[in-house]
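Peer 1: Turn this into a model:
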Amino acid sequence: MIDSNIDRDRQDIDRSGGYGGAWASVYDRVFEHGGALEAEALGSLVAPASRIVELGAGTGRVAIPLARAGHTVRAVEVSSAMVDRLRDNLGAEDASTRARTTVVDADMRDHSETSGSADLVACVLGSISCLPDPADREGVVRRASSWLAPGGHLVVEAYDRATAVGRFGIEPLPVVTERPDGARLTSTYRLDTAADTWSVAHRWEEPRSVTQFDERVAFVEPDELAAWAEDAGLERVALLGDWYGTPYEAGENPLWVAVLRRPA
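Peer 2: Below is the predicted model of the structure:
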């Protein structure tokens, strides 16, 4: 049993860019603000009771608020540890929210939906950046585009290369975040310009525990993503620097948000 759990965790980490059991155990504490802001912004793009697919749903911080709001959500996540936490979180919701949420334990690189079956596909918080191969990232965008009904939206949030290069450089840089409750997050950023990747070693400290975990991400340029989507029949309607609607400027924010639409 121990070996099986270790093998599963290694597989989770390898497939998801680092999101294994350690990450899953503290993910909701690290992101204690939840995903209400992202869910509200995504919900504004669709009509009530819409059909939504989230790729890289994690512990459900965005998928669950969307389901609470009345949408039907398919939450796709490759990390088994994150799926377990997502199901635990969903179990604490009311019956109607649970009924509107389907948890799909699958790799976004392989997952498929029926053509025209979604009003919104979301891949946020840098989930697409966890795919190291550009061909895989392009494939996800093309397949997700095909799932959209006329007038449907694809929303992708990815890490900004210019910000990583400008703020962190090539030398490891630790960033410490102190919480009022005594918790502390130390994140050490390492930029590999040759591989065009960014890795972060995290150390989460609470009064009685210490958890360490890593993440590895690749970069995709907004125009590169837009070209993939446009080839798949979508048009870009917005490129933002955050979820408050700020226009994107390279080097200003850690992540950018692209909003694309299938013409009605």
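Peer 1: Give the full set of residues in contact with the spatially closest residue to residue 59 that is not a sequence neighbour.
Peer 2: Among residues not flanking residue 59 along the chain, residue 85 sits closest, at 4.4 Å (C-beta to C-beta, 6 or more residues apart in numbering). Every residue, glycine included, has its C-beta placed from N, CA and C. The neighbours of residue 85, taking C-beta atoms under 8 Å, 6 or more residues apart in numbering as the test, are 24-25, 27-28, 59-60.
Peer 1: change it to 10 Å
Peer 2: 21, 23-25, 27-28, 58-60, 77, 79 (C-beta atoms under 10 Å, 6 or more residues apart in numbering).
Peer 1: Restricted to helices, list these.
Peer 2: With helices taken from DSSP state H, the overlap with those comprises 21, 23-25, 27-28.
Peer 1: mean confidence score for the host helix or strand of residue 200?
Peer 2: For residue 200, the element it lies in under DSSP states H and E is strand 197-206. Summarised as a single mean, pLDDT over strand 197-206 is 93.
Peer 1: Stretch 27-45 now?
Peer 2: 93.
Peer 1: Can I get it as CSV, trimmed to CA atoms?
Peer 2: C-alpha atoms of stretch 27-45 as CSV (Å, rounded to 0.1, in the frame of the first residue of the first chain):
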residue,chain,number,x,y,z
TYR,A,27,-3.6,24.0,-1.4
ASP,A,28,-6.8,25.4,0.1
ARG,A,29,-4.8,27.0,3.0
VAL,A,30,-2.3,28.6,0.6
PHE,A,31,-5.1,30.0,-1.5
GLU,A,32,-7.4,30.8,1.4
HIS,A,33,-9.1,33.6,-0.5
GLY,A,34,-10.7,30.9,-2.7
GLY,A,35,-11.7,31.4,-6.3
ALA,A,36,-14.7,33.6,-5.9
LEU,A,37,-13.1,36.5,-8.0
GLU,A,38,-12.3,34.1,-10.9
ALA,A,39,-15.7,32.4,-10.7
GLU,A,40,-17.5,35.8,-10.8
ALA,A,41,-15.5,36.9,-13.8
LEU,A,42,-16.1,33.7,-15.7
GLY,A,43,-19.8,33.6,-14.7
SER,A,44,-20.2,37.1,-16.3
LEU,A,45,-19.4,35.6,-19.7
